[in-house]
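1. coordinates only, no sequence provided:
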């Protein structure tokens, strides 16, 4: 075949399935409790695994005695993870694990393991850089233009200190898996964001061929960037299974371990100085920032966020290593922190010169990448209009004479995305049934539904005619669901596989229609001759022409050449509207407006749900969430869900999503939306609180404690 | 399957358990809750006849109207009994200490966190679980409303939320949106599906009032 088939998306007005708000396909399974997550599986002879973890933040294991645990009735395997001599660098580190016939027995046995530690000094807090000593290391500098001169010549200078603490992913389904290692075969049912690469990551540690590791997952109870690898529990579960003679072992973290070791977002703190003109134009930026991503470091917010072509800049960043669990990617890594630090400083500059922040933001988005400037300006106007900004905004601190003050605040965001590597196989059988297969996963973002929509649209069939298989590494390889790249990848590979399969079906059906294959099209369950709808075969009749054969065609999304099917880059402007009780310090959300840039939207209902979700998760981090570390014991004080607080159904106010579905955006192809709307919430809420009460509350979350401290500081 | 339920074998009445007996049993052990101590104490002095445990004891639970026999240690929660012994995995174990509601069931008409109820204490009361809501292939109106309003993403909180909404509507058949926001504060979602849940609860209340189900 000389010609490359036309894979391009059908024109907006021609689409029958894509762009329509179909209900998520796995909704009934989940809403009836029938959906089986890997943590719900109970295969025959299942053993329950439980970890023993380190109570010390920094210690050396000097001896470990598992004999009493091994002798406990019902215990089938004990595995030492951290043998004598191991230096533990954070509390919660896995020391040993037990597998037993009941979970109760495994817990009892774990308590019988005797471990001696040599306790070593630790550092667990990073808010105060002066206390970090040698644990703080210079981690980057930048000098642009002549900041000293710019600050000297500035018409106005504002400065402030801002901070955003470590928060945890707190996936509701904890990390873990059920795993069975029998002979040279491994079956594993993990909670993972990356089915395709799971076996390859696990194989070297087990010394089992990748081909012998079978990975399956139907549903995952949350990941948010924290579930890419098999982790130590994948390996430890396998060893327990092998020692127990090949029985399957369930090893999922308990909530305390989930909160302590299974993922968190780095902190970020900064002292920021801005110089500018009275007309709102920023002329110089200076920041000294620091962050911790746990013992291994990490955490480097890209400053200044988005407006990164400010002509004069001096930046210095310090990385702090603390004895706490390692960070993991967290729904737009580093972007929330950078957005909070930058937007807070920009709002403080607006307050300093007595200007409306919408105007100041509008002026300074000129420093954003040129392709984005007009988008931000359009979005600022749109968001301000929806939030009733002109009527409700007031200069900082002029929130009325009552004790409850209302305020509005702005935040901006940007994210890349782009479709990941993905392969799809579409099989058309002679009886007309269609199977679409991809080794991808549905994180709850609606991946199943959008794949089915693309296949149905392309083949001219109803949604119910498509059978979809995902969630296994026996299927064509896909990629990790991270970076908002899944929808772009799977929609493109599915489109191409379906177009390729359809081309073969056209070849089979053409003779019966007395036409050439390239004159045919698939519409409404028929294969028709273009411009001659009277000449057609039903889908079933066309498929019967395959005789005893079948069509099985691949389609792939090449990340480097998406052929216009997907692209990257989605900007957003968000506005928070809050009320703050100045006597109790309590912040309540009134309304939240999210204006979100997008590409081609396959399912607006699911896209809107993802944006609501991102905003709600962000409200949680803006108002409630913080990992508290105890200086004395070195442990996390709130590794739970009663003191590590998530937002509840009454904490979020009203949320208004404006999704920019329009032809100019549609032309860009599919762009993921998991992360873009999750970035700006701390920024918008923090600015709204400052606007309401007249002083900056430096540190997220906006708890009564932080709010009252800031108010007292003003009064002092 | 590791479940130890055996529908054929009847519950043994001699092992009827009482909370007072359990507390007395613990105080015999010098107030120690450590299992090792209790085990030694049990060996030294036989427990009174009305004390169950600390070893596995046969109990009968009434789940969705049907008696189910299961043998569990007295410390096993209703949630763990359902998930680990009866293969009823709709209720999820998330916080495991009464903060998140993912394990919500309705016990004798009252919405409870099954992680915070001992299985032995749940005897003699009807336990409504998510598995009992649907009739055949028809979704319960609450589940259907969750689907209609896309009130779920990863779905791990969903079964608990559906039960919480069911229990809430049973008590508040004509809720306002404000009632819904207050009445469902005991359940948490990490994906942020609350906007859909609010609408789902309102729609389900209307549907159930119409007498279509529930």
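-> Arrived safely, thanks for sending. These figures come from a predicted structure and were not determined experimentally.
2. can you give me the strands in the stretch 51-200 of chain A?
-> Taking DSSP state E, counting those that start in this stretch, the strands of the stretch 51-200 of chain A run over residues A:59-65, A:75-80, A:87-88, A:94-100, A:114-119, A:136-144, A:156-164, A:167-168, A:176-182, A:185-190.
3. buried sites along the first one?
-> Looking back up the chat, that one is strand A:59-65. Along strand A:59-65, these residues count as buried under the neighbour rule (16 or more other Cβ atoms under 10 Å in any protein chain shown): A:59-61, A:64. C-betas here are computed from N, CA, C, even on glycine.
4. pipe the residues you listed into a markdown table and attach distance to chain B per row.
-> As requested, the buried residues of strand A:59-65 are arranged in a markdown table below (distance: Cβ to the nearest Cβ, whole Å):
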| residue | distance to chain B |
| --- | --- |
| A:59 | 24 |
| A:60 | 28 |
| A:61 | 23 |
| A:64 | 19 |
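5. residues in contact with the residue nearest to the spatial centre of chain B?
-> Centrality entry for chain B: nearest residue to the mean C-alpha point is residue B:114, 3.4 Å, by Cα atoms, centre = their mean. By Cβ atoms under 8 Å, 6 or more residues apart in numbering or on different chains, residue B:114 lies in contact with B:77-79, B:82, B:91, B:103-105, B:107.
6. return only those of those found close to chain A.
-> Counting by Cβ under 8 Å from any Cβ of the partner chain, the subset of the contacts of residue B:114 that neighbours chain A consists of residue B:91.
7. how about low-confidence regions in chain B?
-> B:1-49, B:210-214 (pLDDT under 70).
8. do the helix or strand that contains residue A:689 and chain B meet at all?
-> Element membership for residue A:689, per DSSP states H and E: helix A:681-693. No - between helix A:681-693 and chain B, judged by Cβ under 8 Å from any Cβ, nothing touches; the nearest distance is 10.7 Å.
9. just for chain A, where's the confidence low?
-> When residues are selected by pLDDT under 70, those of chain A lie in A:1-3, A:714-716.
10. tell me, what residue is most central in it?
-> Geometric middle of chain A (Cα atoms, centre = their mean) lands on residue A:331, at 2.8 Å.
11. report the contact partners of that residue.
-> When contacts are counted by Cβ under 8 Å, 6+ apart, residue A:331 is found next to A:224-225, A:614, A:617, A:674-675, A:678.
12. for burial, what's the neighbour tally of the closest residue to residue A:222 other than its chain neighbours?
-> Leaving aside its chain neighbours, residue A:222 sits nearest to residue A:171 (3.6 Å; criterion: Cβ to Cβ, 6 or more residues apart in numbering or on different chains). Other residues within reach of residue A:171 by the criterion other Cβ atoms under 10 Å in any protein chain shown amount to 25.
13. with adjacent residues omitted, what lies nearest to the residue of the stretch 601-716 of chain A found nearest chain B?
-> Chain B sits closest to residue A:616 of the stretch 601-716 of chain A, with a gap of 2.9 Å, by Cβ to the nearest Cβ. In space, residue A:616 comes closest to residue B:192 once its chain neighbours are excluded; the distance is 2.9 Å by Cβ to Cβ, 6+ apart.
14. is it true that the one you found touches residue A:614?
-> Yes - taking Cβ atoms under 8 Å as the definition, residue B:192 is a contact partner of residue A:614 at 6.9 Å.
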